[in-house]
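[1] Got a sequence here, can you model it:
(one chain, ligands or ions: 1)
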Amino acid sequence: MSTERIPFLKGHGTENDFVIVPDPGNTFDIPASLVARLCDRRAGLGGDGLLHVVRSAAHPEAAHMADAAEWFMDYRNSDGSIAEMCGNGVRVFARYLQRAGHVTTGDLAVATRAGVRLVHIAKDTDAGAGSGPVTVGMGRAELPDVEVAVSVGDRSWPAHNVGMGNPHAVVFVDDLDDAGRLLDAPGVRPSTAYPEGVNVEFVVDLGSRHVAMRVHERGSGETRSCGTGACAVMVAAARRDGADPSRLGHPVTYTVDVPGGRLVISERPDGGIEMSGPAVIVAEGTIDLAAFATTAELGATG
Ligand SMILES: N[C@@H](CCC[C@H](N)C(=O)O)C(=O)O
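    Purely as a prediction, here's the structure:
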């Protein structure tokens, strides 16, 4: 990257936090190593992931969606790896577009690696600018017919295999502490079930159609929320509870509490899933790229 200073914002959705890099023309090269440094909570800005904001027409992975969605969410996990979709991220992405004046409240389409997602930005509440919830059409869940199991230490549970554009394994446990410290990724078997890795959600019941979860995210570790994970949890809970909307013939709604807040998720009889939650921008500034170069890189350029 030749540019020495680039703009950034910081935002979160239910405390799943992101470094946002606006780059409409896709002129910045942001390699995985730089993503990891920017997301580092001690040596960088800190974040569970990075949202690279690019016009679809300017990005080779999104140009085919440019007619349907002007903007592409080029999402990266905090270790620099690429993911297909980020449910909290797409709400924060929409909030950034609103704040930057690219869109107003109402409907917009966002291109992602999982396809185009329709987003609705609600009007502000009395709480101030950017306070209205953001609702995202998350598409349909895929339910591969493969038995999977999740383990932590010497304990193991059968898991629900749910695809939300990205892969999830959902386990129902008696206590969220059963997940342990989640510093390391839980074991998931068989390894062939998730060749690209997996996000793992641990879930407890709080009441009727009300659950709480913790998550270990592929590429980011334990986070305080995962939007796609919450949708996977909703789908798994509805199947477990005999509340499959396609059988009932009406929508089903679950409240999913995460360590960083609350998400409300509905599934329609046609399988379409909608998620609502907050999206907040908390800071804006400039990144001095020289400060993120390694000693070796500085030596090579200096
Ligand atoms: N936090 C996100 C999911 C981000 C991607 C995930 N770690 C993966 O690799 O699939 C969300 O809110 O959905």
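[2] quick one: Ser225 and Val256, what's the gap?
    9 Å (Cβ to Cβ, to the nearest Å). The way it works is simple: take the backbone N, C-alpha and C, and place the C-beta from them, glycine included.
[3] any shared contact partners between the two?
    Counting by Cβ atoms under 8 Å, 6 or more residues apart in numbering, the shared contacts of Ser225 and Val256 are Leu263.
[4] domain ranges for the protein?
    5-133+280-300, 148-275 (automatic domain parsing).
[5] Mean confidence (pLDDT) on the first one, please.
    Across domain 5-133+280-300, the average pLDDT comes to 94.
[6] now check that domain, is it near the ligand?
    Yes - using Cβ under 6 Å from any ligand atom, we find that domain 5-133+280-300 touches the ligand at Asn16, Gly49, Asn77, Ala83, Cys86, Gly87, Asn88, Gly89.
[7] Looking at these, which one is closest to Glu217?
    Set against Glu217, the nearest of the residues of domain 5-133+280-300 next to the ligand by Cβ to Cβ is Asn77 (7.1 Å).
[8] thinking that closest one is in contact with Cys226, fair?
    No - with contacts counted by Cβ atoms under 8 Å, Asn77 stays clear of Cys226, the gap being 11.2 Å.
[9] what is in contact with those two at once?
    Glu217.
[10] Which of those two has more residues huddled nearby?
    Cys226 (36 against 25; other Cβ atoms under 10 Å).
[11] if I look at that one, how far off is the ligand?
    Noted for Cys226: a distance of 4 Å to the ligand, by Cβ to the nearest ligand atom, to the nearest Å.
[12] again with Asp67
    Taking Cβ to the nearest ligand atom as the measure, Asp67 falls 25 Å from the ligand.
[13] looking at this, that residue is in a helix?
    No - counting by DSSP: H, G, I helix; E, B strand; the rest coil, Asp67 is located in no helix; its state is coil.
[14] List the buried residues in stretch 45-52.
    Neighbour-count burial for stretch 45-52, counted by 16 or more other Cβ atoms under 10 Å, picks out Leu45, Gly47, Asp48, Gly49, Leu50, Leu51, His52.
[15] The first one sits in which helix or strand?
    Assigned by DSSP states H and E, Leu45 belongs to no helix or strand.
[16] Next: the second one.
    If you go by DSSP H and E, Gly47 is not part of any helix or strand.
[17] how close does Asp29 get to His168?
    Taking Cβ to Cβ, one finds Asp29 at 31 Å from His168.
[18] what does the stretch 201-302 of the chain put close to the ligand?
    So the stretch 201-302 of the chain meets the ligand at Glu217, Arg218, Gly219, Ser220, Thr223, Cys226, Gly227, Thr228, Gly229 (Cβ under 6 Å from any ligand atom).
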